[in-house]
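Novice: quick check, what structure comes out for this input:
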Amino acid sequence: MRLALNKDWIVGARIGDGGFGAVFEAEDTAGERAAVKLVPKAPGTEREMLFTDLDGVRNVVPVIDSGEHENQRVLVMPRAEKSLRDHLQKHGRLPLNEAVTVLADVAEALADLKDREVVHRDLKPENVLLLGGRWCLADFGIARYAEATTAQHTYKGAGSLPYMAPEVWKYQRATGATDIYALGILAYELLEGTRPFTGPAEHDYQEQHLHGTPPPLTAAPPLLATLITECLFRAPQSRPPAGNVLARLGQTPAAPLSGGLAALAQVNQDAVARRAEADRRASAHATEADRRKTLLEAATTTFSFIADAFLTALTNAAPSADVRKGNQGGWTVRIDDAQLTLSGPKVTASADWRAASTPAPFDVIASATLSLAVPADHHGYEGRSHSLWYADAQTEDQYQWFETAFMDNPLSHTARAMEPFAFNPHHESRAAIGPGMTMQQVAWPFTPLAVGDLDEFILRWADWLARAANGRLTHPRRMPERDPQDSWRR
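Specialist: Residues are numbered from 1 along each chain as shown. Below you'll find the predicted structure:
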């Protein structure tokens with residue numbers, strides 16, 4: 001194939017892939033050897049063309065010609081000797097001095113890119129090429145300007161799994177610190193001959209980058225090990241900037257430290273390791289908080305669908321009922337002396353549910369109460385209430401709203417005005433669903449409430465409301481009314 005750009009190029013065999021395109025060997029009419037990258041004109045790939053001019057940036061593979069051919073964008077670059085991946089596959093882990101040289105070349109490029117407010121976002125050995133005696137950064141296929149507006153096709157989550165920073169896994173904005181994290185992974189790989197996180201599946205990598213602890217470095221002196229540990233901090237703002245990394249790489253001693261300096265360097269490394277562990281715990285806490293926030297949003301949205309469908313069905317059947325709206329989607333429907341109240345959802349504090357000696361068999365994100373109140377009869381009975389919990393009560397990590405209710409242990413000889421009754425998720429309800437004998441126990445099976453499949457739930461409560469309005473709501477003949485066994489995870 002012949003390409004007519006600023007020069008004429010004869011395209012030869014395919015030699016690899018990169019970013020969003022394929023790479024081919026090429027020569028111009030004067031015999032200059034090059035590599036040609038052809039990028040299909042798909043949405044988002046125009047960012048390849050943002051970086052045809054990086055003059056003044058050290059250690060990047062330059063673009064020596066560019067243009068378009070049919071439905072493809074074209075980039076022409078010098079033909080490199082080899083990639084760092086090829087070098088590692090041939091030689092294995094690198095000696096200290098060689099590894100520092102590679103890292104310093106890449107850090108120079110990152111420092112200059114930071115000044116241009118450019119984030120590479122896909123730093124890995126395949127994208128580090130030996131050119132003119134320097135290790136140069138190539139393939140800006142998913143790079144972006146750090147302050148660029150996020151567009152529809154920014155490939156925000158793109159990257160290579162073993163090198164992706166925690167913020168990328170969280171779909172947060174990539175910054176220069178994202179490249180520093182990848183540099184830390186690369187440094188670990190050069191020195192140890194293996195990456196700190198090895199997957200193998202995508203969800204494994206995600207868990208490892210977000211919550212894992214890299215195995216200790218064995219081939220790096222304390223000062224370098226400290227630097228690499230800092231590069232792998234999960235909080236982006238805690239990682240050193242590229243200029244600092246470059247300066248510290250230049251201070252890596254060729255000979256081991258001795259005496260008091262060696263002891264001080266080791267103390268510093270230990271302190272940074274403790275800070276890294278604290279950083280890991282803080283990141284895990286933040287990740288859990290983000291997860292619960294997202295689940296709470298889902299719980300609130302789903303609850304509003306359930307509450308609205310329930311209220312619509314009741315008011316269609318009893319349009320003269322007194323209806324009052326409550327907080328967060330809750331409501332009260334009153335017919336004569338019968339009052340049916342659905343409270344709005346309330347967040348469940350993880351510490352309240354999980355703490356104490358009795359383990360929680362599942363997770364609860366939010367809860368609400370559905371209660372039917374009537375004037376006390378001659379036995380003192382005033383109605384019933386059920387709990388609604390947004391939980392993964394039946395299948396781990398599958399959250400939805402469940403209806404359940406509780407009762408006192410018959411041996412306790414306790415009389416309540418409402419039975420069965422609702423419990424918020426806390427230590428008493430946690431004990432009730434536990435395996436031991438307690439003062440309270442489950443009186444209603446954990447019954448899923450699925451939007452679009454609420455007929456049984458609505459009809460049952462409508463019937464109880466009708467009985468209550470007619471003065472015929474009585475204490476259940478037996479407790480529990482329905483067998484609750486095996487309706488939740490234990």
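
Novice: how is this protein divided into domains?
Specialist: Following automatic domain parsing, the chain resolves into domains at 2-78, 82-256, 292-469.

Novice: quick one: which of those domains is nearest E277?
Specialist: domain 82-256 (6.9 Å; Cβ to Cβ). Heads up, the C-betas are built off the backbone N, CA and C, glycines and all.

Novice: possible to save the domains of the chain as CSV with mean neighbour count?
Specialist: Putting those into CSV (neighbours: other Cβ atoms under 10 Å) gives the following:
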stretch, mean neighbour count
domain 2-78, 17
domain 82-256, 19
domain 292-469, 17
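
Novice: and those domains: which comes nearest W488?
Specialist: domain 292-469 (4.5 Å).

Novice: how far off centre is the helix or strand hosting I458?
Specialist: In the assignment (DSSP states H and E), I458 maps to helix 455-469. Mean-position distance between helix 455-469 and its chain equals 42 Å (Cα atoms, centre = their mean, to the nearest Å).

Novice: which other helices and strands contact it?
Specialist: Secondary-structure packing of helix 455-469 (3 or more Cβ pairs under 8 Å, 6 or more residues apart in numbering; DSSP states H and E): helix 259-317, strand 331-335, strand 338-342, strand 364-373.

Novice: residue boundaries of the helices in this protein?
Specialist: Ranges of helices within the chain are 84-91, 96-115, 166-169, 176-192, 202-211, 222-231, 242-250, 259-317, 350-354, 427-432, 455-469, based on DSSP state H.

Novice: where among those is average confidence lowest?
Specialist: With a mean of 82, helix 350-354 has the lowest mean pLDDT of those.

Novice: who touches that one?
Specialist: By Cβ atoms under 8 Å, 6 or more residues apart in numbering, the residues outside helix 350-354 that reach it are E288, R292, A360, D363, V364, P425, H426, H427, R430.

Novice: ok, now which ones touch the third one?
Specialist: If you count contacts by Cβ under 8 Å, 6+ apart, A360 has them with W353, R354, R430.

Novice: can I get those residues in a markdown table with distance to P240?
Specialist: Shown next, in a markdown table, are those (distance: Cβ to Cβ, whole Å):
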| residue | distance to P240 |
| --- | --- |
| W353 | 39 |
| R354 | 37 |
| R430 | 45 |
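
Novice: out of those, which comes closest to N268?
Specialist: Nearest to N268 among these is R354, at 37.0 Å by Cβ to Cβ.

Novice: quick check: the gap between that closest one and P484.
Specialist: 22 Å (Cβ to Cβ, to the nearest Å).

Novice: next one: the nearest residue to N71 once chain neighbours are set aside from I15, what distance?
Specialist: Leaving aside its chain neighbours, N71 sits nearest to K41 (5.3 Å; criterion: Cβ to Cβ, 6 or more residues apart in numbering). Distance from K41 to I15, counting by Cβ to Cβ: 22 Å.

Novice: just give me the residue right at the centre of this protein.
Specialist: K170 (4.0 Å; Cα atoms, centre = their mean).

Novice: who's in contact with that one?
Specialist: L210, T287, D290.

Novice: report the residue spans of the stretch 1-150 of the chain with pLDDT below the cut-off.
Specialist: 17-21, 42-53, 141-150 (pLDDT under 70).

Novice: for the stretch 301-450 of the chain, that is, sorry about that
Specialist: Along the stretch 301-450 of the chain, the model assigns pLDDT under 70 to residues 355-358.

Novice: how long is stretch 477-485 end to end?
Specialist: Stretch 477-485 stretches 19 Å from its first residue to its last (Cα to Cα, to the nearest Å).

Novice: residues in contact with that stretch?
Specialist: Outside of stretch 477-485, the residues within contact range by Cβ under 8 Å, 6+ apart are T404, M407, P410, E419, P420, Q441, V442, A443, W444, P445, F446.
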